[in-house]
Structures are given as C-alpha cells and as structure tokens.
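J.: after the sequence you'll find the predicted model.
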Amino acid sequence: MKLSLRIKLITILFFLLTPFHYSFSQSKPSIGEKTIKPTLPKDQLPVGSEGPKSNCEQALPSIDFKSFLAPKTIKPTLPRTNNNNINLSATNISVLQKAAEIIKSRPECRVQLQGHGGATKLEQQLSWDRTNVVLRYLVEKTGIAPGRFNFEYGLEGDINMVDISLTSNEGPDSVPAPHPNLRTTGH
C-alpha cells in the first residue's frame with residue numbers, strides 16, 4: 001500500500017475508535033449555525049485536567065462615548081467635547097440594561113470591562129473614568145455584585161469605547177485612578 005493511503009486509513013481508524021461525546025456550545029451561534037465541541041467523558045480526561053471550563057466567553061455590546069455631548073450646565077475640570085465625555089447617553093443606558101440582563105442570567109461568569117486609549121496621561125485617566133462610569137452604573141443601577149468585574153483601562157483601541165464581555169478569567173475588580181488630578185467630573 002502507498003504511504004499516503006496508509007496514513008489516511010490510520011487517521012480514519014483513529015477517529016472511528018476514539019470515543020468522543022459532542023455537546024452544543026452554550027454561546028448563541030449565528031442564525032443557521034450550529035457549534036459542536038468534542039469533549040471527552042470525565043473518566044477519560046488527562047490527569048490534573050478539570051475538563052472544559054464553563055462557557056463564559058461572550059462579547060456584549062460596547063459603550064460608545066463619542067455619540068453624546070455632556071450638558072453645558074456641568075462645570076467640568078476639562079473642557080467637555082465629544083472627545084472627553086464620560087456621561088452615559090440614553091442609548092448607552094439602554095445597552096447597559098440589556099447587557100445587565102445577560103450578565104444576571106450567567107452568575108457563574110465574571111464581567112470584563114475594557115476601556116481604551118492611553119497614549120497620554122489624560123487619555124489614561126479618561127479611559128479609567130469611562131470604564132469606572134460603566135462599572136458604577138452596572139453595580140449601582142442594576143445590582144450586579146462589584147466582585148464579579150475585571151477592570152482594565154488604557155488598552156489599545158478606540159478611546160471612545162468601553163468593551164463589555166463575559167469571561168471565566170479572574171482579574172482586578174477595581175483599580176485606582178492613574179492620574180486623579182486629571183479626573184473628569186460631572187458623573
């Protein structure tokens with residue numbers, strides 16, 4: 001027999017003789033798409049393996065701070081433009097309410113908050129302020145436990161965005177303001 005045919009036969013026999021159990025992913029697939037994950041039964045897992053982790057990896061809608069200008073009645077420490085706004089718009093509040101429903105339905109998952117921007121001290125502080133506003137809203141207005149959050153700021157990306165996702169990873173739930181003297185007010 002030729003070598004390539006022999007390899008194909010060995011591969012086919014391997015897959016036919018290896019016991020796999022298939023389960024559907026808990027995350028919602030796209031319309032018409034099914035996600036199948038092969039998993040071994042617990043008694044066949046390698047020593048020291050806990051098996052598949054809970055399926056907490058899910059992106060939620062991001063909060064966009066460039067779509068809203070702050071009211072002029074607030075006297076901020078920085079001039080208010082759409083570039084350094086930290087107030088939540090009605091659209092952002094609606095997005096956060098929907099995200100909170102998903103978060104509450106998945107109590108086994110942590111919530112990852114990621115603020116972007118960080119080339120300057122002002123951008124780092126603005127990223128922290130925006131991420132903190134999202135965290136405070138989710139804790140104070142929707143009742144999500146503060147210990148469920150992973151708080152990151154100053155990441156590469158659009159400075160006007162705070163990304164929200166579910167995760168099984170641990171991380172800091174609070175981080176001190178990097179430059180408190182540059183903190184924005186009015187939130």
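T.: Happy to help now that I have it. Numbering: from 1, shown residues only.

J.: for the protein, name the helix or strand with the lowest mean pLDDT.
T.: strand 21-24 (a mean of 36; mean pLDDT, DSSP states H and E).

J.: wait, Ile164 sits on Asn92?
T.: No: using CB atoms under 8 Å as the test, Ile164 is too far from Asn92 to be in contact (10.9 Å). C-beta: built from backbone N, CA, C; applies to glycine.

J.: need the overlap of contacts for the two.
T.: Ile63 (CB atoms under 8 Å, 6 or more residues apart in numbering).

J.: who has more neighbours out of these two?
T.: Ile164 (25 against 21; other CB atoms under 10 Å).

J.: residue ranges with poor pLDDT in this structure?
T.: 1-54, 67-83, 184-187 (pLDDT under 70).

J.: what about the helices in it?
T.: Using DSSP state H, the helices of the chain run over residues 3-17, 90-105, 121-140.

J.: go through those helices and name the closest to Phe151.
T.: Of all the helices of the chain, it is helix 121-140 that lies closest to Phe151, at 6.2 Å by CB to CB.

J.: contact partners of the closest one?
T.: 63, 65, 78, 84, 86-88, 93, 96, 99-100, 103, 111, 113-118, 144-146, 149, 151-155, 159, 162, 164, 175, 177-180, 182-184, 187.
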